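Student: give me the fold of what follows.
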Amino acid sequence: MKVLVIIPTRKFVETDCLRSVTNQTYTDYSVCMHAMMPIKLHLDPEKDRVMNIVRNRNYIRDMVLKSDAEWFFWVDSDTVVPQNAIETFLKIKEPYMGGWYQKKDKTTWVAGRFNNKGVFVFQKNIPQEEKFETDLLGLGCAFIHRSVLEKISFEHGMDVMMKEESGQKLFYAECAMFCKAAKEKGITPYLIRDVVCGHLLVQT
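Tutor: Next up, the predicted model:
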């Protein structure tokens, strides 16, 4: 099965990230790094940042779907993936999977679910089950089958809000939007217990 690892960035890829990607135990894969210089898309700096990230992701999506790869492994340029990440994902073979990595403040994981009141609850610990159904799967480590990427493009989600358990309102942004779109098409996002990544404290 051909796997294409994709690292989107606006400037560069962290050395530890690249080393982790090129040192996988699985061997039938290629690596694509794509830099896209940002343009002014919104007056708000955070909205502008996310919109530019999504602009890059959709450009890459259109490009890589012309390849013969079956699986697309999206890795952020500041994410360090475990050496057996690809091998682990391919053992499970859910069409939309991801690895665990923490928010940069290290308080919670980039993962969570909406409760029965529609409030989003961030995941504070990694569950024991091999795969965890989630409403938020970080695109910083996302393993996506061709059939999913063909159906879903990336949306910035900066005009869609959620409320989390502290009462704070948050933007969906591109990660939660992709999960939302997947679930609407009957595709379940899973986080895989044995793929635990590092998240570097850098600005890329």
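Student: which stretches of the protein have low pLDDT?
Tutor: Scanning the chain for pLDDT under 70 picks out the ranges 202-204.
Student: do a quick rundown of the helices in it.
Tutor: 15-21, 45-64, 85-92, 146-151, 173-184 (DSSP state H).
Student: how distant is the last one from the center of its chain?
Tutor: Relative to its parent chain, helix 173-184 has a centroid offset of 10 Å by CA atoms, centre = their mean, to the nearest Å.
Student: show me what it is packed up against.
Tutor: helix 45-64, strand 136-137 (3 or more CB pairs under 8 Å, 6 or more residues apart in numbering; DSSP states H and E). Every C-beta, even on glycine, is put in place using the N, C-alpha and C of the backbone.
Student: which residues touch the spatially most central residue of the chain?
Tutor: Centroid check for the chain by CA atoms, centre = their mean gives Leu139 as the closest residue, at 0.8 Å. Contacts for Leu139 were tallied using CB atoms under 8 Å, 6 or more residues apart in numbering; they are Arg57, Trp74, Asp76, Gly98, Glu174, Cys175, Phe178.
Student: ok, now Asn125?
Tutor: Contacts of Asn125 by CB under 8 Å, 6+ apart are Trp109.
Student: how close does it get to Thr108?
Tutor: 9 Å (CB to CB, to the nearest Å).
Student: got it, and Ile39?
Tutor: In terms of CB to CB, Ile39 sits 32 Å off from Thr108.
Student: between these two, which one's more packed in?
Tutor: More neighbours surround Thr108 than the other of Ile39 and Thr108, with 15 against 9 (other CB atoms under 10 Å).
Student: please name the nearest non-neighbouring residue to the more buried one.
Tutor: The shortest distance from Thr108 to any non-neighbouring residue, by CB to CB, 6 or more residues apart in numbering, is to Phe122 (3.9 Å).
Student: neighbours of that neighbour, how many?
Tutor: Neighbours around Phe122, by other CB under 10 Å: 17.
Student: repeat for Lys151
Tutor: So Lys151, with other CB under 10 Å, has 12 neighbours.
Student: what's the neighbour count on the closest residue to His199 other than its chain neighbours?
Tutor: Spatial nearest neighbour of His199, chain neighbours left out: Tyr101 (4.6 Å); criterion: CB to CB, 6+ apart. Tyr101 has 24 neighbours, counted by other CB under 10 Å.
Student: repeat that for Gln168.
Tutor: Neighbours around Gln168, by other CB under 10 Å: 9.
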